[in-house]
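Colleague: need a 3D model of the sequence below.
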Amino acid sequence: LKPVFPTMFALTSAGDSRGPRPSVRRGRLSSLDVCQPSGTCIPQTRRVRSVRARLSRRPTETETERLSRDVVELATEALPQWDLGIFDVQASCEIFTDLLVALDREQTRLKVKQACRKYRAGFSVNYSALFPDRFGRNYRGEILVGAQQAHEGMSLNGTFEPFHTETIVAGHRLVQAWQQCMTVVMEGRPWSVVGPELASFDYFWAEYERRYLSELMKMEERVRSFVRSIGDALQSYFVGGQRLASLELAVSMINELNSMANANGKGRDDMNSSVIVRAEHVLQSCQEEDKSVHAVAQHVLTAFRKLWEYFQWLCPRIERLNTMLARNAGLCEHLTAWEDAWAIGRDFLCGTQEERAAFVADVSALREATARHSQLLAWIEDSDVQALLAVPRLLVLRAVKSEEQGSVMRFAEDKTQLDALRRAASVVGDVAMVEAAVFGVEDEVRCGRVKSPVQVVKSMRRLDAFRLLESISLQVQRSNAQDWNHYLQAVVHTAAGSWDQAPLQQRV
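Modeller: Numbers count the residues shown, from 1 in each chain. Reported below is the predicted structural model:
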């Protein structure tokens, strides 16, 4: 060996970049390999390659700085709103979602340790759809905003639903972890500080997500179970044997549902089953002269049956139901239709004998007018504005000529005008007054269409009677607009036979 070392050293110092070939025996480095000077080639065994691979996966300070640059713009936009604590929920969810997506992408690139997400396997269908990658991070802004805003619970359908203590504590921990994480990211701390904070934030996120969404799914199940119980009660009423008990139970639960979900109507919860019982009695004992009341009773029972059919359609598709019941458009439409039908049945089936007689008289008068003037029927079918002017005038004219004045007397403020109109109508004549009520009256004297004194007198009398009729009609409509519109709707639909012509869509 004595002559070998000088020769090898001479070759290396002479500029041979390769140097002597190292000796490898059974995958191990020899003593000669260890003594090689810098610049010579050292063989990479399996152990050396694994160590170098692990070292190459460790992020450098340059990568940490790039993490801050990627996230800092979104964090600068979102954090001021977070500090205020009062912001628009939908807009904030979008802002935080963008920031969380960028943070998720950087954590995946830098191989930050991820908390376990196996609990998502037990999520419902709706909540599973929110996480395309079931076991990935999949951060969502709604969860972060929920931790910030709803520490103690949330309001659901007008009722405050408290969270369990474990969920509240997990929410506080997530908020603290988020604030600490954003602090180190915005300050540009080294990776030795940023990495553990990101891992800690992901752990507390998974813990709060598991508890928070479990609470929401329990609330969701309670709401859907309540809706299914309504369907079962309606099914027992229409199909089962205990009709009266099932009817009372179904109506009471529908009242509770209507007060929570019906955003289109009044949301009343005082609807009782007496209207349905009265409608059934009317249909069984209705006489030939009571066709108007018969039509109202049929309308009430049809609306109640349609509500049952809707729940039959909805229960197999209960997963589509939104837990916030007021956001289900189809449910609101059917509840509003039932609420309107119940109110009409209460007023015209369960009212006094005088109110029912006045209603029947108004419907009969409108039917006679439509049979005599086809143009009026066309206006009603097309919902023309002329019908809104002609029908109130006809009802006022009928009230001053008949003994059943209850329908109009409730809305008329100046009763002396009714007596004056009665006298003027008796002078002009019934036929002329009906035509004036339907089509209106022009000032023929001013237009120069009449010239003889007799025709001028008749025209002026008819014009004065029409002006008085128009004044009373406007007074009746304005005194209590909501109740008058309700009464007018019942009269027009009953006279025209247009109840239940517009079917409701079967949708959630």
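Colleague: taking the centroid of this structure, which residue is nearest it?
Modeller: Closest residue to the average C-alpha location of the chain: R327 at 1.6 Å, with Cα atoms, centre = their mean.
Colleague: just the mean pLDDT for the host helix or strand of T183, thanks.
Modeller: Here T183 sits within helix 165-186, counting by DSSP states H and E. The average of the pLDDT scores along helix 165-186 is 88.
Colleague: show me what that helix is packed against.
Modeller: Of the remaining helices and strands, those touching helix 165-186 by 3 or more Cβ pairs under 8 Å, 6 or more residues apart in numbering; DSSP states H and E are helix 61-84, helix 141-149, helix 191-238. (Each C-beta comes from the backbone N, C-alpha and C, glycine too.)
Colleague: for R398, which non-adjacent residue is closest in space?
Modeller: In space, not counting the residues next to it along the chain, R398 is nearest to A365; the distance is 4.1 Å by Cβ to Cβ, 6 or more residues apart in numbering.
Colleague: in contact with that neighbour, which residues are there?
Modeller: Under the criterion of Cβ atoms under 8 Å, 6 or more residues apart in numbering, the contact partners of A365 comprise L394, L395, R398.
Colleague: and of the residues you listed, the nearest to R478?
Modeller: L395 (14.7 Å; Cβ to Cβ).
Colleague: and the closest residue to C181 other than its chain neighbours, how far is that from Q386?
Modeller: By the measure of Cβ to Cβ, 6+ apart, the closest residue to C181 outside its immediate chain neighbours is F201, 4.3 Å from it. In this structure, F201 lies at 68 Å from Q386, with Cβ to Cβ, to the nearest Å as the measure.
Colleague: likewise S273?
Modeller: With Cβ to Cβ as the criterion, S273 and Q386 are 40 Å apart.
Colleague: sorry, back to before: who wins for neighbours among the contacts of A365?
Modeller: Using other Cβ atoms under 10 Å as the neighbour definition, those reach their maximum at L395, which records 26 neighbours.
Colleague: quick one: low-confidence parts of the stretch 201-350 of the chain?
Modeller: Counting by pLDDT under 70, the stretch 201-350 of the chain shows low-confidence ranges at 241-242, 286-290.
Colleague: helices of that one, residue ranges please.
Modeller: Under the criterion DSSP state H, counting those that start in this stretch, the stretch 201-350 of the chain contains helices at 243-261, 274-285, 291-314, 329-349.
Colleague: save these as TSV, and put in distance to L216 too.
Modeller: As requested, the helices of the stretch 201-350 of the chain are arranged in TSV below (distance: least, Cβ to Cβ, whole Å):
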stretch	distance to L216
helix 243-261	17
helix 274-285	36
helix 291-314	21
helix 329-349	20
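Colleague: coming back round to it: and F201 and Q386? Which one has more around it.
Modeller: Using other Cβ under 10 Å as the criterion, F201 and Q386 rank with F201 on top: 24 against 16.
Colleague: hang on, that one packs against Q179?
Modeller: No. Checked against Cβ atoms under 8 Å, the pair F201 and Q179 is beyond contact range at 9.6 Å.
Colleague: find residues that contact each of the two.
Modeller: Common neighbours of F201 and Q179 are not found (criterion: Cβ under 8 Å, 6+ apart).
Colleague: which SS state does the closest residue to S479 other than its chain neighbours fall under?
Modeller: With Cβ to Cβ, 6+ apart as the measure, F411 is the residue that lies nearest to S479, at 4.7 Å, once sequence neighbours are left out. Of the three states, F411 takes coil according to DSSP: H, G, I helix; E, B strand; the rest coil.
Colleague: about what we covered before: would TSV of the helices of the stretch 201-350 of the chain with distance to P132 and mean neighbour count be doable?
Modeller: Compiled in TSV, the helices of the stretch 201-350 of the chain are given as follows (distance: least, Cβ to Cβ, whole Å; neighbours: other Cβ atoms under 10 Å):
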stretch	distance to P132	mean neighbour count
helix 243-261	31	18
helix 274-285	48	16
helix 291-314	28	20
helix 329-349	27	21
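Colleague: closest one to S498 among those?
Modeller: Each of the helices of the stretch 201-350 of the chain was checked against S498 via Cβ to Cβ, and the shortest separation belongs to helix 291-314, namely 10.0 Å.
Colleague: tell me the secondary structure for P132?
Modeller: State at P132, reduced to three classes by three-state DSSP: coil.
Colleague: quick check: phi and psi on it?
Modeller: Summarising the backbone geometry of P132 under the convention degrees, to the nearest 10, its torsions are phi -60, psi -40.
Colleague: now do the contacts for A233.
Modeller: Contacts were defined as Cβ under 8 Å, 6+ apart; by that measure A233 touches S246, L249, A250, M253.
Colleague: against which helices or strands is the helix or strand containing Q375 packed?
Modeller: Remark: Q375 resides in helix 374-381, with elements defined by DSSP H and E. Helix 374-381 is packed against helix 353-372, helix 385-401, helix 430-439, helix 481-496, with contacts defined by 3+ Cβ pairs under 8 Å, 6+ apart.
Colleague: how about the closest residue in space to R211 that isn't next to it in sequence, what does it touch?
Modeller: Once its chain neighbours are removed from consideration, R211 has its nearest residue in T167; the separation is 4.3 Å (Cβ to Cβ, 6+ apart). The contact partners of T167, by Cβ under 8 Å, 6+ apart, come to Y208, R211, Y212, E215.
Colleague: hmm, try it at 6 Å
Modeller: Contacts were defined as Cβ atoms under 6 Å, 6 or more residues apart in numbering; by that measure T167 touches R211, Y212, E215.
Colleague: what's around the second one, how many residues?
Modeller: For Y212, the number of neighbouring residues by other Cβ under 10 Å comes to 22.
Colleague: please apply the same query to the last one.
Modeller: E215 sits with 19 neighbouring residues when counted by other Cβ under 10 Å.
Colleague: can you tell me how far it is from T167?
Modeller: The spacing between E215 and T167, counted by Cβ to Cβ, is 6 Å.
Colleague: okay, now the unreliable bits of the stretch 401-508 of the chain?
Modeller: Flagging of the stretch 401-508 of the chain using pLDDT under 70 yields the residue ranges 403-407, 409, 412-415, 442-454, 456, 499-506, 508.
Colleague: C-alpha coordinates for stretch 329-349, CSV please?
Modeller: Written as CSV, here are the backbone C-alpha positions of stretch 329-349 (Å, rounded to 0.1, in the frame of the first residue of the first chain):
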residue,chain,number,x,y,z
ALA,A,329,-91.0,26.9,-2.2
GLY,A,330,-93.3,23.9,-2.9
LEU,A,331,-94.1,23.4,0.7
CYS,A,332,-94.9,27.1,1.1
GLU,A,333,-97.2,27.1,-1.9
HIS,A,334,-99.3,24.2,-0.6
LEU,A,335,-99.5,25.6,2.9
THR,A,336,-100.6,29.0,1.5
ALA,A,337,-103.3,27.4,-0.7
TRP,A,338,-104.6,25.5,2.3
GLU,A,339,-104.5,28.6,4.5
ASP,A,340,-106.5,30.6,2.0
ALA,A,341,-109.1,27.8,1.5
TRP,A,342,-109.5,27.4,5.3
ALA,A,343,-110.1,31.2,5.7
ILE,A,344,-112.8,31.2,2.9
GLY,A,345,-114.5,28.2,4.5
ARG,A,346,-114.5,29.8,7.9
ASP,A,347,-116.1,33.0,6.5
PHE,A,348,-118.7,31.4,4.2
LEU,A,349,-119.4,28.0,5.7
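Colleague: that concludes my questions; thank you for your assistance.
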